[in-house]
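Novice: The sequence isn't on hand, but the structure is:
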Ligand SMILES: Cc1cc2nc3c(=O)[nH]c(=O)nc-3n(C[C@H](O)[C@H](O)[C@H](O)COP(=O)(O)O)c2cc1C
């Protein structure tokens with residue numbers, strides 16, 4: 001078949017034939033009425049540049065989803081390898097099962113305040129996006145798909161300077177990625193990205 005190595009049809013081996021993947025593994029946090037929570041989400045994807053929009057797939061069973069739908073906001077915390085233990089912990093337990101405490105207290109997670117939304121931002125990450133939910137009940141209920149608009153963004157300048165340096169060294173492709181990164185962040189809300 002023209003050099004193809006695998007073919008799949010719906011209901012047969014289609015899963016093995018699809019090689020399109022989701023975005024980075026992130027930590028999604030939310031707060032409502034004094035209750036706060038954090039979970040892992042890897043089904044995160046950039047949807048639009050200007051205004052900057054991001055989609056996140058959030059399962060119905062998650063406690064975080066309850067807080068997001070109630071508050072209309074979420075924060076995306078981009079973690080790093082150094083925090084992989086935290087990613088494992090908050091991605092394999094539910095805040096709903098914790099009595100008289102939350103994941104932040106349970107796992108010793110420190111936070112700082114968001115500026116445009118009410119959601120806890122996790123210290124020790126390398127990038128934070130504050131997102132407002134664009135309410136689309138059909139997408140949310142049918143596909144667990146949440147569309148959000150980024151209203152503020154922060155990044156650890158040390159990490160981004162390094163990434164920018166590497167990308168600049170990668171000629172045209174690097175410039176395209178830099179352009180994409182620059183366009184995807186709302187400049188008036190962007191802090192620490194120099
Ligand atoms: C690497 C990894 C990626 C994950 N990606 C997603 C995701 O994109 N969407 C989702 O709904 N759950 C995802 N999960 C599962 C949730 O993080 C998990 O169900 C979590 O326990 C929910 O917590 P909560 O009930 O406290 O909100 C992922 C878990 C891991 C470990």
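Specialist: Yes, it's here. For clarity, every value in this text was computed on a predicted model and none was experimentally measured.

Novice: contacting residues around stretch 118-129?
Specialist: 27, 29-32, 36, 38, 54, 71, 73-80, 82-83, 86, 104, 109-114, 130, 150, 152-156, 159-160 (Cβ atoms under 8 Å, 6 or more residues apart in numbering). Yep, even glycine has a C-beta here, placed from its N, CA and C like the rest.

Novice: Is there any residue in that stretch that contacts the ligand?
Specialist: No: figure legend: stretch 118-129 not in contact with the ligand (Cβ under 6 Å from any ligand atom); closest approach 13.1 Å.

Novice: What is the end-to-end distance of that stretch?
Specialist: 12 Å (Cα to Cα, to the nearest Å).

Novice: which intervals of this structure have sub-threshold pLDDT?
Specialist: For the chain, the stretches with pLDDT under 70 are 1-19, 160-194.

Novice: Just the ones of the contacts of stretch 118-129 in strands?
Specialist: Those of the contacts of stretch 118-129 mapping onto strands are 27, 29-32, 36, 38, 54, 73-78, 111-113, 130, 150, 152-155, per DSSP state E.

Novice: circling back to that earlier point, among the contacts of stretch 118-129, which ones are buried?
Specialist: Among the contacts of stretch 118-129, those classed as buried by 16 or more other Cβ atoms under 10 Å are 27, 29-32, 36, 38, 54, 71, 73-79, 83, 86, 104, 109, 111, 114, 130, 150, 152-156, 160.

Novice: Walking through this structure, point out its helices one by one.
Specialist: Assigned by DSSP state H, the chain shows helices spanning 14-17, 63-71, 84-92, 103-106, 137-143, 157-168, 171-184.

Novice: Could you pull out the buried residues of the fourth one?
Specialist: Of all the residues in helix 103-106, those buried under the rule 16+ other Cβ under 10 Å are 103, 104.

Novice: again with the second one
Specialist: For helix 63-71, the neighbour count (16+ other Cβ under 10 Å) marks 63, 64, 65, 66, 67, 68, 69, 71 as buried.

Novice: I'd like these written out as a markdown table, with distance to residue 143 added.
Specialist: Shown next, in a markdown table, are the buried residues of helix 63-71 (distance: Cβ to Cβ, whole Å):
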| residue | distance to residue 143 |
| --- | --- |
| 63 | 20 |
| 64 | 17 |
| 65 | 13 |
| 66 | 18 |
| 67 | 20 |
| 68 | 15 |
| 69 | 15 |
| 71 | 21 |
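
Novice: isn't residue 71 right up against residue 29?
Specialist: No: using Cβ atoms under 8 Å as the test, residue 71 is too far from residue 29 to be in contact (10.7 Å).

Novice: Show me which residues of this protein sit near the ligand.
Specialist: So the chain meets the ligand at 25, 37, 39-43, 57-59, 62-64, 91-96 (Cβ under 6 Å from any ligand atom).
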